[in-house]
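S.K.: A predicted structure for the sequence below; I have some questions about it.
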Amino acid sequence: MSALPEPQEPAQPGADAADGRPTPQHPARIAIEPAAFKGVFRKVPTAVAIVTAMTPQGTPVGLTVGSFASVSLEPPIVSLSVMHTSSSWAVVRTLDTFGVSIVASDQADAVKAFSAVRTDRMATVDWSAGHHGLPVIHGAAAFVACRTRELITVGDHEVAFADVLDLEVLRDVDPLVFAGGSYAVPQPL
């Protein structure tokens, strides 16, 4: 009969349990310079959207996001990512539903207005109540009505997963994207 092995200290994060060295499954953390990170991801075009909601007091709120994406077709689920310091997101995240106006290529001014530090962003655009009473930005390419499913804090952002309640293409126009550090219009090959 063999003796039981001695208990070992738990492995450090990013280390192999046996000897503490990094493994492919648990690579060592390396320092990534923020400028290098941003430089690489400027090469990845992202959708630009304006997230809106209506407070219980009837006040519309909104903010620009550059990380709106589809997650699942069955059931239909979308995601977005917002810097956790956003004061507008602090309001929207407490509400059950929110809308996403997918911005058209001619709406860069609206995107900039909703990115600015100000409290009256909704006063800078024309909008109306749409699906589920959610504010829809006039001129948007499309609109998605959402119900929050899950919120997860990841690094300096919060990722929201949401069920799609309704959606509609509003105009047959190109969407606005963010690529190379500026707003752009996708071009077909």
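M.R.: Yep, that arrived. Since the model is a prediction, treat every value here as computed from it, not as a measurement. Residues are numbered from 1 along each chain as shown.
S.K.: and the residue nearest to P75 when sequence neighbours are not counted, bridged to which residues?
M.R.: What sits nearest to P75 in space, not counting adjacent residues and going by C-beta to C-beta, 6 or more residues apart in numbering, is D163, at 6.5 Å. From N, CA and C alone the C-beta is placed, and that goes for glycine too. Taking DSSP bridges as the rule, D163 bridges to I77, R147.
S.K.: Just list the residues touching D163, thanks.
M.R.: Applying C-beta atoms under 8 Å, 6 or more residues apart in numbering, we find D163 in contact with P75, P76, I77, C146, R147, R149.
S.K.: Among those, which pair sits farthest apart?
M.R.: P75 and C146 (12.2 Å; C-beta to C-beta).
S.K.: of the two, who's got more company?
M.R.: Using other C-beta atoms under 10 Å as the criterion, P75 and C146 rank with C146 on top: 28 against 9.
S.K.: So the residue nearest to P75 versus A110, what's the distance?
M.R.: Using C-beta to C-beta, to the nearest Å, we find D163 at a distance of 26 Å from A110.
S.K.: Show the average pLDDT along stretch 38-52.
M.R.: Computed over stretch 38-52, the mean pLDDT rounds to 91.
S.K.: which stretches of this structure form helices?
M.R.: For the chain, the helices defined by DSSP state H occupy 34-41, 87-92, 108-115.
S.K.: Distance to S101 and mean neighbour count for those - can I get that in CSV?
M.R.: Formatted as CSV, the helices of the chain follow (distance: least, C-beta to C-beta, whole Å; neighbours: other C-beta atoms under 10 Å):
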stretch, distance to S101, mean neighbour count
helix 34-41, 23, 10
helix 87-92, 13, 18
helix 108-115, 9, 18
